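1. Pasting the sequence and the predicted coordinates here, then a few questions.
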Amino acid sequence: MIPDRLFSIMQCLECRSADLSYDTEKSKILCRACNASFPDKEGIPSMMKGGPEEQDWNPWDLDKVKMMGNSYYKRAKGELPEKEASKSCARFLKQHGIYSSGDTLLDIGCAAGHFLVSFRRLLDENINYTGIDSGLEYLQWGKEVYGLGDDRNFLHCDALDMPFCDKSFDVVVVNLFHFFPRLDHALKEAMRVAGKMV
């Protein structure tokens, strides 16, 4: 079952309606407005059209992506040290007063959620975290390491077409801007779902 907090901010990719329901028998999210359906893959909603190979903007070599993903998984589990990028992101959010206790945070391009280690250690051990990625396997690893609940969720989706209502998150972190061919598209979508503008 999808955590209530995540379900409450989702919208249909097809018609943008937030009138969604959950079919427990079929493990699917259904749109009451247009009848579109999206699978729930063991607690992780899959709300994207295809995988990374279907994204015409995605330049990644899938074999290299999987190899990188293994290191992110090990970082999430604590088998490898935290990335400097995750520590510096957490410090930046704290030093500039961008994150406040109780805020909701969206991590775009989260892989296995390895930034959550630094966010919990340096920002808030009870942070309300949602991670999205186009790699479902990464998200399954994140679920394995952190579990799922109202304060930690993962969603399979495209960063350029997120299934969230406007201003769904207090803080939005994007750690993969260097992959997008048009930075303005990625930034516009990230800003759409962000509640604060700093």
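-> Happy to help now that I have it.

2. What ranges does this structure have for its strands?
-> Applying DSSP state E to the chain gives strands spanning 20-23, 28-31, 37-41, 44-45, 104-108, 128-133, 152-156, 171-174.

3. would a markdown table of the ones you listed with mean pLDDT, mean neighbour count and distance to Phe164 be doable?
-> Bear in mind the C-beta positions are built from the backbone N, C-alpha and C, glycine included. Shown next, in a markdown table, are the strands of the chain (pLDDT from 0 to 100; neighbours: other Cβ atoms under 10 Å; distance: least, Cβ to Cβ, whole Å):
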| stretch | mean pLDDT | mean neighbour count | distance to Phe164 |
| --- | --- | --- | --- |
| strand 20-23 | 95 | 14 | 12 |
| strand 28-31 | 96 | 19 | 13 |
| strand 37-41 | 94 | 16 | 13 |
| strand 44-45 | 94 | 24 | 11 |
| strand 104-108 | 96 | 23 | 8 |
| strand 128-133 | 96 | 25 | 9 |
| strand 152-156 | 95 | 24 | 9 |
| strand 171-174 | 94 | 22 | 10 |
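
4. Excluding sequence neighbours, find me the nearest residue to Asn175.
-> Closest residue to Asn175 apart from its sequence neighbours, by Cβ to Cβ, 6 or more residues apart in numbering: Gly109 at 5.5 Å.

5. residue ranges of the helices in this structure, please?
-> 4-8, 62-77, 84-95, 115-118, 136-146, 183-193 (DSSP state H).

6. Just put those in a markdown table and tack on mean neighbour count, mean pLDDT and distance to Arg16.
-> Supplementary listing: the helices of the chain in a markdown table, determined by neighbours: other Cβ atoms under 10 Å; pLDDT from 0 to 100; distance: least, Cβ to Cβ, whole Å:
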| stretch | mean neighbour count | mean pLDDT | distance to Arg16 |
| --- | --- | --- | --- |
| helix 4-8 | 15 | 90 | 16 |
| helix 62-77 | 16 | 78 | 29 |
| helix 84-95 | 16 | 96 | 29 |
| helix 115-118 | 23 | 97 | 28 |
| helix 136-146 | 21 | 94 | 23 |
| helix 183-193 | 15 | 90 | 11 |
